[in-house]
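>>> can you look at this prediction? I've put the sequence above it.
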Amino acid sequence: MGSAENIAFLLDSAPRNWSSQEDRHLLLCQELLKRGSQPVLVFAKTLPPEIENRFIKAGVQVAAIDYGRGFLHYFRELGRLKDRFQITTVHVIFFDYFSAICWLARIRGFKHVIYEMQNGGVFKAQSWKKALLHLRNSIATSPTTKIIAISNFIKSLLTTAGVAENKIVVRYLGIDTQRFKPDEEARKRLSAEYDLNPSDLVLSTVSYLRPIKNPQTIVEACGLLAARNVSFRLFVAGDGEMLTELKELSHRLNIADRIHWLGLVPNPASLLQASDVFLLTTVGEAFGLVLAEAMACNVPVVATRSGGIVEVIDDGKTGLLVPPLDPPALADALEQLAGDPARRHAMGVAGRQRVLMNFTVEAAVENTIRVYESLGIA
């Protein structure tokens, strides 16, 4: 206590909503403050006041440096923060691992550069391109002291891309299980607001609507459910570049009246609590934090057998895994669960227990602190 070094979190984002990421960072900063460290959150842009004030009231320093304004600007402003708060360590999050951010921090004289990989994807390079990418990635990550992978899938992705395995430690993300918990009244509220039928299977998904998330797979599967006379409603929380084409797809499939486009939902807990099944169809998902949020609400999940998703879902016990980009398989899984409410309930209960055992925000913070302790900075 009292000997911990000051840490700056360099975050390539300025969230409109942050959900469990906000909860985890706040708890982590509070733990660092207890240990005598002064945490500084450095965002790309100024935060929404409701988020910024939450951190400031807890004693956390908040700043903004836009990486998009160029290396020199970031380098200069980072140096000013380093001197102002006597920062010795940076923890880089949300930036691509091949960006220059880790080198900028190392050249600026920080003793430790920790990089956390939260970006998913699929490594496809072959032949000479693979060799060049290996070289680039090895150079880009060489300034790092430690690399945190949020799933074993991400660790594998990094090593495949040429990152040194001995630098990597796996630490799962976590959620606040008091915030995300079952609420039997949530379904009643949703039913009243949207005039749901008791027989409707309430499906939900929470995601940015972009190609890597493959939301069209969900809409296409819902078209098949409608053709099979399965009564359902789909609630989509999120916005993004694919919204217009998804709405057009729903009209072509004659299911536009069964889909509710909610836009950005700052607090998705109520929607998750009201759902019968939660859906996620990403290929190469880094972890799937929203899956844990849904499971903590006693909601079974159906998602693609891809990326870190397979580490979150216990297939057949807390939900069902289906092949990627396969609307018929997704529709089959949903049809199974639609006709078996007892199985849905059992999966929901098992899902929350799995989260309590593996994916709590407290566990995520404790395991992050262990990384710091291994470096002698906390």
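Happy to help now that I have it.
>>> just the CA atoms of stretch 243-254, as PDB, please.
As requested, the backbone C-alpha atoms of stretch 243-254 are provided in PDB (Å, rounded to 0.1, in the frame of the first residue of the first chain):
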ATOM      1  CA  LEU A 243     -28.700  -0.500 -40.300                       C
ATOM      2  CA  THR A 244     -30.300   0.600 -43.600                       C
ATOM      3  CA  GLU A 245     -29.600  -2.600 -45.400                       C
ATOM      4  CA  LEU A 246     -30.800  -4.700 -42.500                       C
ATOM      5  CA  LYS A 247     -34.100  -2.900 -42.500                       C
ATOM      6  CA  GLU A 248     -34.400  -3.400 -46.200                       C
ATOM      7  CA  LEU A 249     -33.700  -7.100 -45.700                       C
ATOM      8  CA  SER A 250     -36.400  -7.400 -43.100                       C
ATOM      9  CA  HIS A 251     -38.900  -5.900 -45.600                       C
ATOM     10  CA  ARG A 252     -37.900  -8.300 -48.300                       C
ATOM     11  CA  LEU A 253     -38.400 -11.200 -45.900                       C
ATOM     12  CA  ASN A 254     -41.800  -9.800 -44.800                       C
END
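>>> what's the nearest residue to A378 if we skip its chain neighbours?
Computed as C-beta to C-beta, 6 or more residues apart in numbering, the closest residue to A378 that is not its neighbour in sequence is Y372, at 3.5 Å. For every residue, glycine as well, the C-beta is placed using N, CA and C.
>>> against L173, how distant is the one you found?
From Y372 over to L173 the distance is 17 Å, taken as C-beta to C-beta, to the nearest Å.
>>> do A140 as well
From A140 over to L173 (counting by C-beta to C-beta), the distance is 23 Å.
>>> do I212 as well
For I212, the distance to L173 (C-beta to C-beta) stands at 18 Å.
>>> kindly report the same for V62.
If you measure V62 against L173 using C-beta to C-beta, the figure is 21 Å.
>>> ok, now A333?
25 Å.
>>> N254 now?
Counting by C-beta to C-beta, the gap between N254 and L173 amounts to 38 Å.
>>> between these two, which has more neighbouring residues?
A side-by-side neighbour count of N254 and L173, using other C-beta atoms under 10 Å, places L173 first with 22 against 11.
>>> list the contacts of the longest helix anywhere in the chain.
What stands out as the longest helix in the chain, according to DSSP state H, is helix 341-358. Residues from elsewhere that reach helix 341-358, judged by C-beta atoms under 8 Å, 6 or more residues apart in numbering: 172, 175, 177, 181-182, 276-277, 292, 294-301, 314, 317-319, 336-337.
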